[in-house]
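Trainee: Just a sequence and a predicted model for now, questions to come.
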Amino acid sequence: MAFDRPLTFVVLISAAILDFAMGDPWGCPHPVQLMGWVIQRYTKGALRWWNEPWQLRLAGIHLAIALVCSVSLGSWLLFYGLDQRAWPVSLCLEVVLLASCFAGRSLHDATVDVLKPLAVGDVTVARSRLRRYVGRDTDTLAEQDILRALLETVAENTTDGVMAPLFYALVGIAIPVVGPVPLALAYKAVSTLDSMIGYREEPYQHLGWFSARLDDVLTWLPCRLMVLTVGLLSGKLKSVWVIGWRDARKDPSPNSGWSECAYAAILGVQLGGQNWYRGMAKFKPLLGNPRQRITTQHIELATRLTRNCFLLWLGLASLGVGLVSP
């Protein structure tokens, strides 16, 4: 592993460029796929072997700790070994794996994928494409509900898929013996656990309890930094603070409520409302003020804001590395 801080920062910049250029090409192997396979297999066995809540909670704790340690320590040992024999290979692999932790290009492509059919009035195709990116039922969504789902996805994934992995990559750079990839992969593992089993409903209520809480804790600071940054970039920090303080606590998540409130405040729209999951209605708290109906332009502005937030933090990190480097 490259323990030189400027060199590890080159890895970060290269990974950001790779993500911007390619994103996550369909059909290519991805670390999250392997994590998902492990989680699925473990979960299937745990639910078959254990029934008591305390047993499932212990199993969930074991799964989370084992997966996070495996991807972080395993990647560290891999790069350490490669550095001794083939450091160019190590650097290239670091760039690829770190790029896989960022979801900036994928988030942009997902919004374009859904907005294209909406632009020609094909709501049916838009519903079908939206199903790839959200967990809610999409078969009967009206155009305004599709746009709301997209904007909520952008708001949540700006934290989970863009800024939090960048935050932990920067923490890894600040600790030269660690490097950016192991911590970014560790966060990605926690985020994947939360997305797959971090539910309050059965059968994951107890098995995913620890993963959900761990994700809340690890995302807390990156989320607040993201909210502060987009508030400053938009020039609407006061509005973001007022609406966030008023509405964010209504959301059961300590982080997604703030993320969605920030974008709702900046764009002057309202998020939340009734969603359907596997045929069951679930009402999400209303966040923001409905000054405007959500439009395609709001989605495009939100994705640009996400990109600018990411670039600003890259720029600040670059300045910091330049100041501390000999």
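Mentor: Yep, it's here. Numbering: from 1, shown residues only.
Trainee: need the helix or strand of this protein with the lowest average pLDDT.
Mentor: One helix or strand of the chain scores below all others by mean pLDDT, DSSP states H and E: helix 5-22, with a mean of 85.
Trainee: That one - contacts with which helices or strands?
Mentor: helix 87-101, helix 104-119, helix 164-174, helix 180-197, helix 296-324 (3 or more CB pairs under 8 Å, 6 or more residues apart in numbering; DSSP states H and E). Every residue, glycine included, has its C-beta placed from N, CA and C.
Trainee: pLDDT on the helix or strand residue 223 falls within, on average?
Mentor: Secondary structure from DSSP states H and E places residue 223 in helix 209-234. The pLDDT scores in helix 209-234 average 97.
Trainee: Please identify the deepest-packed of the helices and strands packed on helix 5-22.
Mentor: Burial of the helices and strands packed on helix 5-22 is given as mean neighbour count (mean count of other CB atoms under 10 Å); helix 180-197 ranks first at a mean of 25.
Trainee: which of the residues in the least confident helix or strand of the chain are buried?
Mentor: Residues of helix 5-22 classed as buried by neighbour count (16 or more other CB atoms under 10 Å): 5, 7-12, 14-16, 18-20.
Trainee: what's downstream of that helix, the next helix or strand?
Mentor: Sequence order places helix 31-49 as the next helix or strand after helix 5-22, per DSSP H and E.
Trainee: Give me the mean pLDDT for the helix or strand following that next one.
Mentor: Following helix 31-49 in sequence order, the next helix or strand is helix 53-85 (DSSP H and E). Helix 53-85 shows a mean pLDDT of 92.
Trainee: Can you name every helix or strand that helix 53-85 contacts?
Mentor: helix 31-49, helix 87-101, helix 180-197, helix 209-234.
Trainee: how much does that helix deviate in direction from helix 209-234?
Mentor: Going by axes from the mean of the first three to the mean of the last three CA atoms, to 10 degrees, helix 53-85 is angled at 60 degrees with respect to helix 209-234.
Trainee: ends of stretch 229-243, how far apart?
Mentor: 16 Å (CA to CA, to the nearest Å).
Trainee: what's in contact with it?
Mentor: Residues from elsewhere that reach stretch 229-243, judged by CB atoms under 8 Å, 6 or more residues apart in numbering: 158, 163, 227-228, 261-266, 287-289, 305-306, 308-309, 312-313.
Trainee: mind redoing it with 10 Å?
Mentor: 155, 158, 163, 227-228, 244, 258-268, 270, 287-289, 301-302, 304-306, 308-313, 316 (CB atoms under 10 Å, 6 or more residues apart in numbering).
Trainee: roughly how far is that stretch from the heart of the chain?
Mentor: 21 Å (CA atoms, centre = their mean, to the nearest Å).
Trainee: I figured residue 139 hits residue 278, correct?
Mentor: No. If you go by CB atoms under 10 Å, residue 139 and residue 278 don't touch, sitting 11.6 Å apart.
Trainee: The helix holding residue 223: which residues count as buried?
Mentor: Going by neighbour count (16+ other CB under 10 Å), the buried part of helix 209-234 is 209-212, 214-216, 218-219, 222-227, 229-231, 233-234.
Trainee: angle of that helix against helix 31-49?
Mentor: Calculated by the same axes, to 10 degrees, helix 209-234 forms an angle of 150 degrees with helix 31-49.
Trainee: Off-centre distance for the helix or strand that comes right after helix 209-234?
Mentor: Using DSSP H and E, the next helix or strand after helix 209-234 towards the C-terminus is helix 237-247. Centroid separation for helix 237-247 versus its chain: 22 Å, with CA atoms, centre = their mean.
Trainee: Now do helix 237-247, average pLDDT.
Mentor: pLDDT averaged over helix 237-247 gives 96.
Trainee: how far does the following helix or strand past that helix sit from the chain's center?
Mentor: Downstream of helix 237-247, the next assigned helix or strand under DSSP H and E is helix 256-267. For helix 256-267, the separation from the chain centroid amounts to 15 Å (computed by CA atoms, centre = their mean).
Trainee: Report all helices and strands that helix 256-267 contacts.
Mentor: Judged by 3 or more CB pairs under 10 Å, 6 or more residues apart in numbering; DSSP states H and E, helix 256-267 is in contact with helix 143-157, helix 209-234, helix 237-247, strand 271-277, strand 280-287, helix 296-324.
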